[in-house]
Structure formats: structure tokens, C-alpha cells
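Visitor: Give me a 3D structure for the following:
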Amino acid sequence: MNRFIITTTEIEKKEYRIAALCDARQKLIEVTTESMTGTSVLGNIYIGRVENVVKNLNAAFVCIAPGQNCYLPLQELKNPVFTKKQSEKKAICAGDELLVQVVKEALKTKDPSVSTNLTFTGKYVILTTGKRKIGASSKLPKEKREKLLKIVEDFLSGKEQIPYGVIIRTNAAQASKEELLLELAQLEAEVQKIISGAKYLIRYSLVHKEEQPWQKMLNGLYETELGEVVTDDREIFETICNMYGVGAKQLVTGGSVRSRVDEILTGHGLKIRYYEDEMVSLSALSGITSQLHDALRERVWLKSGAYLIIQPTEALTVIDVNTGSVLKKKRQEDTLFYQINREAAKEIARQIRLRNISGIIMIDFINMKDEKQKEKLLLLLENECRKDRIHCNVVDMTALNLVEMTRSKVRRPLLEQITVCRKMQKN
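Guide: I've put the predicted structure just below:
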């Protein structure tokens, strides 16, 4: 089973909080970093002011803070909540003030992107103010999906005005009816509070602050693939316990002499552990620091002796598969190339998720002549990419044997996260 680790570590003499998903061999699968001094705006909800509407871009530019413009695609203008409207005849115009949520961080030269479709994410459900439909994850079994949809429909029945839609997450398969209804009620109250209270606030107000990056990442993981959560921060340990319904009273033993509880097993079988060892840090024990340094390097070695070269550019990311020392030991055969490419495809899917590479990705596998082997390789890459929580699309293999794929842009790439955090700390 996978393990989720939250710790602090030093990278290039700067301290970062690291949230990492590791497999049973302590190999990093996914990671997010945050500077101990910097802050992220991703997921935050503001009262923004429309600066101008650019028709040929089909977009508006919305200011969420003095000097901070954001890009609002007009197709994202779904059931907007205005706090100030200049003209009722126009859907949106300069001077309007409305609730917007940051859905993409600033990437390179691009401004952050915002949407009027506000989302409130829980462990089991997501509430959306723009898309007011009831849906469920396609990864849920059909019978379970129908049962959960019925629970949500019953919860919403009888309500006159419902200013939100509901998406049932994969994790809801592990939840009881009571847990699901409790979360629905809590998120509903939060939505209503924000919408009703927004009209009393001024422009640029921060209406809702998103969870910390480690919380958002943990909430997004499938409980079925998670065996343990461990941290060396006591406050974070207690927060995680609270997220899983473990109260403060359960974190101390009873009796005349009370002691602190450092390990909890939830009702779903998830172990939550507080790590405390002054001799060996959690980051050193788990090998996170060294693996993070490797994830910032251009070259990635494979067990076979082959290696990958990963080079991000302004327009796309290029990944090259090289035979390395393999051909010094074995003959050049199509079967050998296929085996190397299979090994490379698995590692490429992991590296893309680990480094949070997004946008257009071009992969130069070792050339193969067998068309069936090419088809099998593409299928393998697709299956490996399905493990990623962020949507990936393996498009095709070109006439030059280059594999084209894309991955949705949400957060900055790992390399850029570290670079941006360093700049923020210098300033």
C-alpha cells in the first residue's frame, strides 16, 4: 500500500514543506512543495473586479488584488455571483464585481486563471456553483454509484432553490451514509454563507481561503490506495486525525496518568502516525530529499542501463529514451528495443506525475518496426497514465515515431515550484 508523508526538508539551503505519496518501496509517486514563507492562491475565492472584456479572445481580465490580473475565459462564466453589476443588459462588462476562484496558478508568463464556477471540495463530494447537476465518478461501480446518487437526490429533494451541483467522488465508496450526509450539510452551509455574505464585502476581499497544499493533495487521494499517513509535525498530525473524524479526546490515553497518542487506526483501516525521532529525520528516513534532487535533474536512469532525458521548453516538454549501456551487452533487436521502451513508458508516466509536467509532451521512444509492438506500447503508456489524478491524454504516435500526449495544467511543475519559492524567499 502507498504511504503519504508530510515533512519539512531543506533544498538548496531553503526550507520547504513537502507532501509526498510513496509506494511500498518508498519510491516517490507524487509530490507537492510549498515554501515555509510563501503562499499559494490556487483555490482561493475573491471578489474580483472586471478590468476589461476582450471579445476576440472570448475572455475577460479580472483583478483579484491591486496589480494582480487574472484570465477569465467567458465559457467559464456559468451562474456567476455578482456583488456589483454595471449593466443588466450585458452578461459581463468592465467595472462588474463578482466571485471568482483561482483554478490555475500563474505559469511562466501567463496570468492565473479564474472561474465563476466555484468548487468546494470535500473528501467524498464536490459542490459546484456553476455546474448545477448531480454526477458521480465513473470509477465507482455501477451499483454503488446508483446508491450514492439516490442518497444525494434524497438530500436535495424538497429544497426550493439549490445554488450548487454535486459530484460524488471515488472515495465515497468507502463512506457510510451518515458520513456522506454530514459532509454534504457542511459544504452546503459553507456555500450558502459565502454567497449570502459576499454582497456585504468590498472588491478584492478574500472570501474563501483554500486548504493548504498538503490537505488538498491528501483529500484528492483514493483511500483504497493509501495505507498510512505519517508526519513529523504534531499540529498537522492532529489536523489529519480531525479530517478522518478522530477527536482530540482520542489523542490522549485515559487513567490517572495521561499520555499522548502518536498512532491512530481509522475505521477505514488507515493508519495515521506521528513520527518523532531526533536522531533520524523523517525526510532522511524516507529518502525524500535525495529523490527530490533526482526529480530536478535532466537525466533519469533506468534499471536496464538505459536512461531518459527530460527537457522542458517554453512550448512543450520533450522526453528522449536512450539505450545507454544496454547495447554494449546485447544485440540490437526489436524485442530488446520493445523491452526498453516498456520500462521507459512506466518510468515516464511516474516522472510526469512526480515532476507535475503539464501541457504538450513529446516522447521520442527508441524506434521499433513492429506495428503491434507500437500499439502495445501506447496502450501501456495510457494505462500507466490512468493512475494519475490529473487528466492525461495519450494522442498518438507520429510518422517519426514520436508519441504525442497532453496533461492538464493545474499547479506549477515541480522545478518551477522550487524556483518560484526561492525567488519569494529572496524578496
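Visitor: Restricting to C-alpha, output stretch 114-123 in PDB.
Guide: Provided in PDB are the C-alpha atoms of stretch 114-123 (Å, rounded to 0.1, in the frame of the first residue of the first chain):
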ATOM      1  CA  VAL A 114     -10.100  32.100 -12.600                       C
ATOM      2  CA  SER A 115     -13.600  30.800 -13.000                       C
ATOM      3  CA  THR A 116     -17.100  31.700 -11.700                       C
ATOM      4  CA  ASN A 117     -17.800  28.000 -11.200                       C
ATOM      5  CA  LEU A 118     -16.900  27.900  -7.500                       C
ATOM      6  CA  THR A 119     -15.900  24.500  -6.300                       C
ATOM      7  CA  PHE A 120     -15.900  23.300  -2.700                       C
ATOM      8  CA  THR A 121     -14.100  20.000  -2.300                       C
ATOM      9  CA  GLY A 122     -14.700  17.500   0.500                       C
ATOM     10  CA  LYS A 123     -13.400  14.000   1.000                       C
END
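Visitor: So for that stretch, mean pLDDT?
Guide: For stretch 114-123, mean pLDDT is 92.
Visitor: Equivalent analysis for stretch 280-292, please.
Guide: 88.
Visitor: Same check on stretch 11-21?
Guide: For stretch 11-21, mean pLDDT rounds to 84.
Visitor: residues making contact with it?
Guide: Outside stretch 11-21, the residues within contact range by C-beta atoms under 8 Å, 6 or more residues apart in numbering are 2-10, 28-36, 213-214, 217-218, 221, 283, 286, 288-289, 292-293, 418, 421-422, 425. Any C-beta I mention is one placed from the backbone N, CA and C, and that applies to glycine too.
Visitor: give me that answer again for 6 Å
Guide: Contacts with stretch 11-21, where a contact means C-beta atoms under 6 Å, 6 or more residues apart in numbering, come from 2, 4-9, 28-34, 36, 214, 217, 288, 422, 425.
Visitor: out of those, which are buried?
Guide: Buried subset of the contacts of stretch 11-21 (neighbour count, 16 or more other C-beta atoms under 10 Å): 2, 4-9, 28-34, 214, 217, 288, 422.
Visitor: which residues of the stretch 301-427 of the chain score low on pLDDT?
Guide: Across the stretch 301-427 of the chain, the ranges flagged by pLDDT under 70 are 327-334, 419-427.
Visitor: do the same with the stretch 51-200 of the chain
Guide: Across the stretch 51-200 of the chain (using pLDDT under 70), the flagged ranges come out as 108.
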